[in-house]
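K.L.:
can't give you the sequence, but here's the structure:
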């Protein structure tokens, strides 16, 4: 008998609502497998909306905020500072203010920092979203803002790589905790639900059919050889959400990439770490040599 994914080890803390949903899907799969895979796919595309914590309040209050139509989606966009544009892109179940510490640091260096809340995230409306919508918004923002740099976290980094297949971007990239294999997300979600390997794979195929995509064609290592933008990958060795091997593989496949590995920061504290922020800013500043000379 096939073992459920709930029996496999995982470092992810699973909410009770997800466990209950997984049990229901497992029972439904016995009598209505087609329905169970469609419902699993629908659940996969429905992010949990995590409230902004008190630690983000000050940065949030200092930001400008607007509601804007981008790639056919109305989203909330926050901005700090003035000068050349830098996009800050959050990950799945994240929000723009997660990168507020980095945003204000960049603003002090003379940049206009732009951080969207993707659909169904943060203060943007919606219930469901997906990689294709993320990437379309990134591509539209690149066209509208002409950023000199993009800093993207986790799923936001994955979406940026997909967007750069078509977007005209002449800047620098910093990826924090980037995934490389998009099937990793469906596999992890299947483990969280505790559903069988078979149902998880059928859920993945359902999503591929729905959007007319093949996950393997969107892998970071598959797209990396086409990329021209200089990239700095920063990944934590103790990241339990997105393993550091993805950052290593992506940096190795990217034509012009550097890799910085950290310890004891995990998947989210890396966004606020002073050394990480300093490295990201130093990498971005390389396109402004007159500023680098002035600070020596």
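P.N.:
Arrived safely. Computed from a predicted model, the values in this text were never measured in an experiment. Numbering: from 1, shown residues only.

K.L.:
any idea which residue sits dead centre in this structure?
P.N.:
By Cα atoms, centre = their mean, the chain has its centre lying nearest to residue 155, at 2.1 Å.

K.L.:
check contacts around that residue.
P.N.:
Contact analysis of residue 155 by Cβ atoms under 8 Å, 6 or more residues apart in numbering lists 91-92, 94, 131, 134, 179, 185. C-betas here are computed from N, CA, C, even on glycine.

K.L.:
switch to 10 Å and redo it
P.N.:
Counting by Cβ atoms under 10 Å, 6 or more residues apart in numbering, residue 155 touches 47, 89-94, 118, 121, 131, 134, 177-179, 182, 185, 242.

K.L.:
can you check residue 267 too?
P.N.:
Contacts for residue 267 (Cβ under 10 Å, 6+ apart) come out as 91, 153-154, 176-177, 235-236, 238-242.

K.L.:
again, only this time at 8 Å
P.N.:
154, 177, 236, 239-242.

K.L.:
ditto for residue 142
P.N.:
So residue 142 contacts 87, 150, 163, 167-169 (Cβ under 8 Å, 6+ apart).

K.L.:
Surely it is in a helix?
P.N.:
Yes: the assignment for residue 142 (DSSP: H, G, I helix; E, B strand; the rest coil) places it in a helix.

K.L.:
Quick check: residue 271 vs residue 246, distance?
P.N.:
Remark: distance between residue 271 and residue 246 (Cβ to Cβ, to the nearest Å) = 17 Å.

K.L.:
wait, residue 276 sits on residue 263?
P.N.:
No: using Cβ atoms under 8 Å, residue 276 is not in contact with residue 263, being 11.6 Å away.

K.L.:
quick one, which of these two is more surrounded?
P.N.:
A count of neighbours by other Cβ atoms under 10 Å puts residue 276 above the other of residue 276 and residue 263, at 21 against 9.

K.L.:
Secondary structure element holding the more buried one?
P.N.:
Element membership for residue 276 (DSSP states H and E) is helix 274-285.

K.L.:
So which elements touch that helix?
P.N.:
For helix 274-285, the elements it packs on are helix 100-108, strand 149-153, strand 172-176, strand 231-236, strand 257-262, judged by 3 or more Cβ pairs under 8 Å, 6 or more residues apart in numbering; DSSP states H and E.

K.L.:
so how far is it off the chain centroid?
P.N.:
Centre-to-centre, helix 274-285 and its host chain are 19 Å apart (Cα atoms, centre = their mean, to the nearest Å).

K.L.:
Now it: buried residues?
P.N.:
For helix 274-285, burial by neighbour count (16 or more other Cβ atoms under 10 Å) applies to 276-277, 279-281, 283-285.

K.L.:
Likewise for stretch 238-255?
P.N.:
Applying 16+ other Cβ under 10 Å to stretch 238-255 flags 239, 241-244, 246-247, 249-251, 253-254 as buried.

K.L.:
Would you check how far apart the closest residue to residue 175 other than its chain neighbours and residue 206 are?
P.N.:
Nearest residue to residue 175 in three dimensions, chain neighbours excluded: residue 157, at 4.1 Å (Cβ to Cβ, 6 or more residues apart in numbering). According to Cβ to Cβ, residue 157 and residue 206 sit 25 Å apart.

K.L.:
When these two are compared, which one has more neighbours?
P.N.:
Shown here are residue 157 and residue 206; by other Cβ under 10 Å, residue 157 has more neighbours (29 against 18).

K.L.:
and the more buried one, what does it touch?
P.N.:
When contacts are counted by Cβ under 8 Å, 6+ apart, residue 157 touches 89, 91, 175-179.

K.L.:
Let me have these in a markdown table, extended by distance to residue 80.
P.N.:
Putting the contacts of residue 157 into a markdown table (distance: Cβ to Cβ, whole Å) gives the following:
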| residue | distance to residue 80 |
| --- | --- |
| 89 | 15 |
| 91 | 19 |
| 175 | 21 |
| 176 | 18 |
| 177 | 22 |
| 178 | 23 |
| 179 | 27 |
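
K.L.:
between these, which has the most around it?
P.N.:
Within the contacts of residue 157, most neighbours by other Cβ under 10 Å means residue 176, with 33 neighbours.

K.L.:
so what pLDDT did it get?
P.N.:
We have a pLDDT of 98 for residue 176.

K.L.:
Now it. Nearest residue, chain neighbours left out?
P.N.:
Using Cβ to Cβ, 6+ apart and skipping residues adjacent in sequence, the residue nearest residue 176 is residue 153, 4.6 Å away.

K.L.:
what's the burial count for the one you found?
P.N.:
26.

K.L.:
That one and residue 92 touch, don't they?
P.N.:
No: Residue 153 lies out of contact with residue 92 (Cβ under 8 Å); the separation is 9.5 Å.
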